[in-house]
Every structure is written in structure tokens, then in C-alpha cells.
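Participant: got a predicted model here, sequence first, then my questions.
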Amino acid sequence: MSGFKITSFVIGSVIIASAVNAQGTVTFESLDKNSDGQISIQEATSNDDLFVAFKKLDTNKDGALSKAEFEQFKK
């Protein structure tokens, strides 16, 4: 593997791991990268399960998940 590929892999792994807390669960705050109080579809791509469920969870169809909408994902 070239140095670039290894570095890219390590950076990607760190980004994915940062969306998960010490107990292995995803938190709203860790996914809300820009701290605007919502999780956008782009932010949701860091968690496969959330990304797949995004449209169903976005009950008001505004293109973002509020903390309350995200809590339905946690159940």
C-alpha cells in the first residue's frame, strides 16, 4: 500500500470512529459536525444505519434530523 493510501485509510477510520462514543453508540452531538442543532444527510453518511433510515426519520421532511427525530433512531 502506498503512503497516501495508508494515510487516507487512517484518516477515514478516525472520522468514522469519532461518530461513536466510548460505549460504541452514536450520539447526536458527534454526528452534528457543524453544531447547528441538526443532522444533515451529508452528516448522516458517517453512519450507515442512520443514512439508510434518514428519510423515514425525517418526519417533517425538512432534509435534516432534529434531536427529537434522531432519538427515534436510537430506540
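Facilitator: Happy to help now that I have it. All values reported here derive from a predicted model rather than from experimental measurement.

Participant: which of the residues in stretch 39-59 are buried?
Facilitator: Using 16 or more other Cβ atoms under 10 Å as the test for burial, stretch 39-59 gives 39-40, 43-44, 46-47, 50, 54, 57-58. Backbone N, C-alpha and C define where each C-beta goes, glycine included.

Participant: please flag which of those residues sit within helices.
Facilitator: Residues of those located in helices (DSSP state H): 43-44, 50, 54, 57.

Participant: where are the low-confidence patches of this structure?
Facilitator: Low-confidence segments of the chain (pLDDT under 70): 1-24.

Participant: show me where this structure has its strands.
Facilitator: Ranges of strands in the chain, per DSSP state E, are 39-40, 64-65.

Participant: how about the buried residues of stretch 39-59 in JSON lines, adding distance to residue 32?
Facilitator: Output for those, formatted as JSON lines (distance: Cβ to Cβ, whole Å):
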{"residue": "39", "distance to residue 32": "6"}
{"residue": "40", "distance to residue 32": "9"}
{"residue": "43", "distance to residue 32": "6"}
{"residue": "44", "distance to residue 32": "10"}
{"residue": "46", "distance to residue 32": "11"}
{"residue": "47", "distance to residue 32": "12"}
{"residue": "50", "distance to residue 32": "12"}
{"residue": "54", "distance to residue 32": "14"}
{"residue": "57", "distance to residue 32": "14"}
{"residue": "58", "distance to residue 32": "14"}
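
Participant: with these in mind, which one is nearest to residue 75?
Facilitator: The shortest distance between residue 75 and any of those, using Cβ to Cβ, involves residue 57 and amounts to 10.6 Å.

Participant: before we move on, the earlier item: of the strands of the chain, which is nearest residue 31?
Facilitator: strand 39-40 (4.9 Å).

Participant: and the closest one, what other elements does it pack with?
Facilitator: Secondary structure elements in contact with strand 39-40, counted by 3 or more Cβ pairs under 8 Å, 6 or more residues apart in numbering; DSSP states H and E, are strand 64-65.
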